[in-house]
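> Got a predicted structure plus its sequence, pasted below:
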Amino acid sequence: MEPLVAVLVVAALVGVPAVVLWRVLSGRRELGSGPAERATFETLHTASLAAPPLRAGLTQAGVLKASRHLRQLLGSPAIAITNAEELLVYDGTGDHHAREAFDHAASTLKDGRIQVLQLSCTQPECPIRHAVVVPLTTDDRVVGSLAAYGDHTSAGLVRAVQEVARWVDSQLELAELDRSRTLLMEAEVRALRAQISPHFIYNSLTTIASFVRTDPERARELLIDFADFTRYSFRRHGDYTTLAEELRSIDRYLTLERARFGDQLQVTLRIAPEVLAVAVPFLCIQPLVENAVRHGLESKPGVGRISIVAEDAGSECSITVEDDGLGMDPEHLRRVLAGEERATGVGLANVDERLRQVYGDEFGLVVETGKGAGTKVSMRMPKYRPGVTVR
Amino acid sequence: MSSLVAIVLVVLAAVLIGAFGVRVSRTTSDFYVASRTVTPLWNASAIGGEYLSAASFLGIAGLILTYGADMLWLPVGWTGGYLVLLVLVSAPLRRSGAYTLPDFAEARLESMVVRRVSSVLVVLIGWLYLMPQFQSAGMVFRAITGAPAWAGGLLVAGVVAVNVLSGGMKSITFVQAFQYWLKLTALAVPLVFMLLAWRADGAPGLQAGDPWALPLHGREHPVYATYSLILATFLGTMGLPHVLVRFYTNPDGRAARRTTLVVLSLLGAFYLLPSIYGYLGRVYSLSLDGPDSVVLALPGHLVGGVAGELLTALVTGGAFAAFLSTSSGLAVSVAGVLGQDILRFTDGVRSFRVATVIGVAVPFGLAVVARALPVADVVGLAFAVAASSFCPLLVLGIWWRRLTTSGAIAGLLAGGGLAAVAGLVTVVGGPHGGWAGALLAQPAAWTVPISFSVMVVVSLLTPGRTPPNVARTMVRLHTPETLDVDRGDWRPRSS
């Protein structure tokens, strides 16, 4: 029994790393056979190694990592990369030339022309006698330079440096694109933030006005609720709040709506205490409740029921808002959620969009509805997602 | 016979809870009622209910009976672990917003690789912890019915798997809290009767010349084993996956600390009981077919008659409650991590189902294959793995800003890997004799220092690999929620 166990343990300890190593290496062995194929592969592979660090833009850290591969691509003893202000990296032999590298680039940076320079060097064994300096451009603007140093120049080398520079340019443009995409996403999240509906403000104020004479005390309480609700909704800081906080705001909202509808509006809650502390996007449930009140109950005679359920689902929490109102045409709703048609209110589409932005497409809203059949909107939210925290 | 009834009742209750779910979450129209959070007392009871496993319920008494006073360090350590958790980890961990240990690793080190490594370790620890639960269930079931040893394990594994699959194990804070009080009652009530019987017997003491009560006397290499045990239990508690998810229920860091404090007193009260069982077992020198059965055999031996049978039934029911509650909590945690981070099918539900089946089947298979070591010893190995992997990650991650991604990975692999290998060698082939056996059976004394030093040294060697937002993370971890400071804004993952 025991030797068998020992053999098994040893086999696992040796076998697993061996398999991993084999998988890694076998990727390399399946190259083409001919020298041309191999050369093509080597070139493309070197270029692909240089690409990721450059995707961060023209920064010292990124360029430092990419320079080794770029030098290999050009086959020169040394290369230098500058941005518009300073030398970013000098990589290769002849470190004493690093001091002059930015001066070599100065004229290229100014007018964007290619230079072929002859260098004087006091050290006899130094292989660096010539330099080819080409500009790096983004949108026709010179943002830096790439210089190749070596013991000779040729038309071929100049062309090669130019091509490499153009390839670097395209990487830098992609970096620029990445940056603008991130900015855009952030801007979108900001723009999608909580919007309270003008209808609600108008309706609340008229309701409160109707109480001012008959029941001034009630009017005062409602006004305070209204103030609290708006303060929460208009707050500037933080994109997230806790579920408990969000429920408190819904309570104020429903107090105001109840003042308007009286006993016509009945609300049931079932909240698992485990999920109260979950961080959720700010005002992500209130619009659903508002939607239930407006589209579900306002235009329907008799009592309307809304139920809000929050359940614990392991690493996620699931939230459902259901009403027994008029319901919607599913096809119309699909078009609204797809953004093909403007909805009358702000509600669902906005929440859907924000959830997808924050958690990914698989966490969008799920709506079950039909004409005259009520509406049930459910969503899931992971309990933890990097960056999603309440301030 | 009445013991079998008790088992059937406990299992039936568990299945019903799983099938129908417990509507403990209140249905109300009052927002104030609906948004009341779980109080620290409830939360702490739930942690106690999930934490007190077969090892605490049966194992401790057996080891104390067999090896004497040294083994008192087990209950002390299993409680004291919460003291370390309270002082070093609870509040910052809650403020990090992490739900599981891999979540914390990702939040602090901003690396998916660290997350994966943590996930694998969570699964390993969970399996090492689940395996002895199934074994003990088999042992108890055989003692009651005479069925083969695997039958009881299969019963518990099956009930747990079905419950987790049907979604019945969610929102069960109040069920688990009830479990704590059930286990406490199931040990305390028989103990009262037994102490009365012992008094009526003329309160006999130990046999003259029994070295049982002397420290450093029970096992081989007692000094090493004792210190290793202390290290594993004090530092391992914070790395148990099913304990940490309960902290998420606390609304803030302050509540997390309060909860931990209550847990300390609840566990302190509970752990008095098995120690007395162990003592009584020694005094009456029962003939047992394994140290773990002392708790079950004692009431019948001391009290006798119908009363004794009923008390045995109560203890048996309590033991099965312990198997089921701990195993369920562990299975949920293991399946969650396995499905989310390791299997990762596109269909989340299917992923969780497959993960549940694997998560329960593997430790059951181990339980059948492996030799039956004392349950508390095997659970101790799970603690050792946790202490030499997650303890350094949590402590250094929370209190040392120079921890780097490479350092964390190296430390987790070195400490967790060595402890896990030691644990597997002991479980599958052990127990071994001599120094090698002692080192393998209680690995914490060498794996914990190795893990800490590897993490520190590799971090110092790779200063470039500190996570970019470490300052912001530290502010978030350590600033009380009531302070209004800038904790940073959300930025989308760029990749």
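Cool, the structure landed.
> Give the buried residues for the helix or strand hosting B:Val15.
Assessed by DSSP states H and E, B:Val15 sits inside helix B:2-20. The neighbour-count check on helix B:2-20 (16 or more other Cβ atoms under 10 Å in any protein chain shown) flags B:Ser2, B:Ser3, B:Ala6, B:Ile7, B:Val10, B:Val11, B:Ala13, B:Ala14, B:Val15, B:Ile17, B:Gly18 as buried. C-betas here are computed from N, CA, C, even on glycine.
> hang on, the third one packs against B:Gly317?
This points to B:Ala6. Yes. Shown here, B:Ala6 and B:Gly317 form a contact pair, counting by Cβ atoms under 8 Å, at 3.5 Å.
> Contact partners for residue 89?
Since you didn't name a chain, this refers to chain A. Taking Cβ atoms under 8 Å, 6 or more residues apart in numbering or on different chains, we find A:Val89 in contact with A:Gln60, A:Val63, A:Leu64, A:Ser67, A:Ala80, A:Ile81.
> actually chain B
Taking Cβ under 8 Å, 6+ apart, one finds B:Met238, B:Leu394, B:Val395, B:Ile398 in contact with B:Val89.
> Throw these into CSV and include pLDDT and neighbour count, thanks.
Converted to CSV, the contacts of B:Val89 look like this (pLDDT from 0 to 100; neighbours: other Cβ atoms under 10 Å in any protein chain shown):
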residue, pLDDT, neighbour count
B:Met238, 91, 25
B:Leu394, 96, 25
B:Val395, 96, 18
B:Ile398, 95, 22
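> Filter those down to the ones in helices?
Members of the contacts of B:Val89 lying in helices (criterion: DSSP state H): B:Leu394, B:Val395, B:Ile398.
> Kindly provide the distance from the first one to B:Leu4.
Right, B:Leu394. Noted for B:Leu394: a distance of 43 Å to B:Leu4, by Cβ to Cβ, to the nearest Å.
> Ok, the last one next?
Taking Cβ to Cβ as the measure, B:Ile398 and B:Leu4 are separated by 48 Å.
> now swap in the second one and tell me
Shown here: B:Val395 relative to B:Leu4, a distance of 46 Å by Cβ to Cβ.
> got the residues of the stretch 51-200 of chain B near chain A?
B:Gly97, B:Ala98, B:Tyr99, B:Thr100, B:Asp103, B:Glu106, B:Ala107, B:Glu110, B:Gly167, B:Lys170, B:Ser171, B:Thr173 (Cβ under 8 Å from any Cβ of the partner chain).
> Give me the three-state assignment for the second one.
Read it as B:Ala98. Following DSSP: H, G, I helix; E, B strand; the rest coil, B:Ala98 is assigned to coil.
> That one touches B:Ala107, doesn't it?
Yes. Counting by Cβ under 8 Å, B:Ala107 is a contact partner of B:Ala98 at 5.3 Å.
> Between the two, which contacts overlap?
Joint contacts of B:Ala98 and B:Ala107 (Cβ under 8 Å, 6+ apart) are A:Tyr384.
> Give me the residues contacting the lowest-mean-pLDDT helix or strand in chain B.
Lowest on mean pLDDT, DSSP states H and E among the helices and strands of chain B sits strand B:27-28, with a mean of 73. Strand B:27-28 has contacts (Cβ under 8 Å, 6+ apart) with A:Thr268, A:Leu269, A:Arg270, B:Ala34.
> is it true that A:Leu297 touches A:Glu290?
No. Judged on Cβ under 8 Å, A:Leu297 makes no contact with A:Glu290 at a distance of 10.9 Å.
> ranges for the helices of the stretch 351-495 of chain B?
For the stretch 351-495 of chain B, the helices defined by DSSP state H, counting those that start in this stretch cover B:375-387, B:390-399, B:405-411, B:417-429, B:434-441, B:444-461, B:470-478.
> so what does the shortest one touch, helix or strand wise?
Helix B:405-411 is packed against helix B:101-109, helix B:112-145, helix B:390-399, helix B:444-461, with contacts defined by 3 or more Cβ pairs under 8 Å, 6 or more residues apart in numbering or on different chains; DSSP states H and E.
> Pick the most buried one from the ones you listed.
The highest average neighbour count among the helices and strands packed on helix B:405-411, using mean count of other Cβ atoms under 10 Å in any protein chain shown, belongs to helix B:101-109 at a mean of 27.
> Now do it: which elements does it pack against?
helix B:90-96, helix B:112-145, helix B:390-399, helix B:405-411, helix B:470-478.
> for those, which one sits closest to B:Leu302?
Set against B:Leu302 and scored by Cβ to Cβ, those come closest in helix B:112-145, at 17.0 Å.
> hmm, back to that, possible to save the ones in helices among the contacts of B:Val89 as CSV with distance to A:Thr230?
Supplementary listing: these in CSV, determined by distance: Cβ to Cβ, whole Å:
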residue, distance to A:Thr230
B:Leu394, 42
B:Val395, 45
B:Ile398, 39
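> Just give me the closest of those residues to A:Leu117.
Set against A:Leu117, the nearest of those by Cβ to Cβ is B:Ile398 (55.3 Å).
> quick one: contacts for the residue nearest to the closest one when sequence neighbours are not counted?
Nearest residue to B:Ile398 in three dimensions, chain neighbours excluded: B:Pro92, at 4.7 Å (Cβ to Cβ, 6 or more residues apart in numbering or on different chains). The contact partners of B:Pro92, taken as Cβ under 8 Å, 6+ apart, are B:Gly253, B:Ile398, B:Leu477, B:His478.
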